[in-house]
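Peer 1: just to be clear, the model below is a prediction. Sequence and coordinates:
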Amino acid sequence: MVAGRVSFVGAGPGAADLITLRGARRIAEADVVVWAASLVMQECVTEHARPGAELVDSSKIAHEDVLALYARAAREGLRVARVHSGDPSLWGAVQEQYDAAEALGLEVEIVPGVSAFGAAAATAGRELTIPEVAQSVVLCRLEGGKTPMPEREKVREFARHGTTMAIFLSAARTSQLVEELRAGGYPDDTPVVVAYRVSWPDEMWFRCRLDEVAARCKEHKLWRHTLFLVGAALGASGTRSHLYHAGHFHTFRKPDREARRALRASRG
Ligand SMILES: C[S@@+](CC[C@H](N)C(=O)[O-])C[C@H]1O[C@@H](n2cnc3c(N)ncnc32)[C@H](O)[C@@H]1O
């Protein structure tokens, strides 16, 4: 009998064509596809699953039921695709399932996916790392949800860096979010991209100032499935990466002498 396998597949932010080729292949190969209908678009599963595959909506069952399913996969040599929204490495409750599947003797793998923060940046047409403005991205969430936060992980502490932040799972408490960001030093006019259900048919996004976030989210009744991108990079323009500057050289390209002199002079 072939060994059973569980593939934790990142489905991407929603749209069926934003899954990776490998992820789609794993769904197509699966005897059982487990997915949360509230977080992953139905088409993402039905477009890729083979006819006759068993489809299980994980939002209707408990963790123990999923474990029972993995135990069956181990007994019967089934291939399971466990589909998670975005990328499985972020807020997917994947680790406990991965460890349990491994303990059952199943072959286990993770197939990465497009996370909501990259999808939101793409929708807004923004790069999150702009030279001389922001070279780091903090992925975080507000405390106060169902999951306890480790000490030292308050939004205000991360905000002190003043770089780009991508804030998940926080739309239900936007006033608190704005207060935390202000306490960390972001000025009221900091540009923010608010992105709701990116790549779903009812996607909605807008750009506003930090001091407008709470009112605008209330106006649009956004309290879930929303991501916040915060920081000067969201509004920056006119900066230029030196990587493609004609005066910059690297292993695969020689510099133009004149451009190199100009680049050196600009750096002082
Ligand atoms: C449980 S987390 C899962 C994150 C996911 N693993 C990822 O990499 O994007 C759910 C949160 O991700 C964000 N999110 C996921 N998909 C989204 C989408 N399509 N549009 C906007 N935000 C999304 C929201 O902040 C939502 O509350």
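Peer 2: On my side now, so go ahead.
Peer 1: the lengthiest helix in the chain - contacts with which helices or strands?
Peer 2: Under DSSP state H, the helix in the chain containing the largest number of residues is helix 63-76. Packed against helix 63-76 by the contact rule (3 or more Cβ pairs under 8 Å, 6 or more residues apart in numbering; DSSP states H and E) you find strand 5-10, strand 32-35, strand 79-84, helix 94-103. All C-beta atoms are positioned from the backbone trio N, CA, C, and that covers glycine.
Peer 1: the shortest one vs the ligand: in contact?
Peer 2: No: no part of strand 32-35 sits close enough to the ligand to count as contact by Cβ under 6 Å from any ligand atom; the gap is at least 12.9 Å.
Peer 1: the longest helix of the chain: how far from the chain's middle?
Peer 2: 27 Å (Cα atoms, centre = their mean, to the nearest Å).
Peer 1: again with stretch 224-238
Peer 2: 14 Å.
Peer 1: alpha carbons of stretch 74-81, as CSV, please.
Peer 2: C-alpha atoms of stretch 74-81 as CSV (Å, rounded to 0.1, in the frame of the first residue of the first chain):
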residue,chain,number,x,y,z
ALA,A,74,-2.4,7.0,7.2
ARG,A,75,-4.5,3.7,7.4
GLU,A,76,-5.8,3.8,3.9
GLY,A,77,-2.8,5.5,2.1
LEU,A,78,-4.8,8.5,1.0
ARG,A,79,-3.4,11.8,-0.4
VAL,A,80,-4.8,14.8,1.5
ALA,A,81,-4.5,18.4,0.4
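Peer 1: what residues of it count as buried?
Peer 2: 74, 78-81 (16 or more other Cβ atoms under 10 Å).
Peer 1: same deal with stretch 112-131?
Peer 2: For stretch 112-131, by 16+ other Cβ under 10 Å, it's 112-124, 126-128, 130.
Peer 1: stretch 225-237 now?
Peer 2: 225-236.
Peer 1: A11: which of the buried residues of stretch 74-81 is nearest?
Peer 2: Lowest distance from A11 to these (Cβ to Cβ) belongs to A81, with 9.7 Å.
Peer 1: what's near enough to touch the closest one?
Peer 2: 7, 9, 26-27, 29-30, 32-34, 49 (Cβ atoms under 8 Å, 6 or more residues apart in numbering).
Peer 1: hey, what's it bridged with?
Peer 2: For A81, the beta-bridge partners are S7, V33 (DSSP bridges).
Peer 1: assign I110 to helix, strand or coil.
Peer 2: Counting by DSSP: H, G, I helix; E, B strand; the rest coil, the backbone at I110 sits in strand.
Peer 1: apart from its neighbours in sequence, what residue is nearest it?
Peer 2: F8 (4.6 Å; Cβ to Cβ, 6 or more residues apart in numbering).
Peer 1: list the residues that contact the residue nearest the centre of the chain.
Peer 2: Closest residue to the average C-alpha location of the chain: S115 at 2.5 Å, with Cα atoms, centre = their mean. Taking Cβ under 8 Å, 6+ apart, we find S115 in contact with 10, 13, 86-87, 90.
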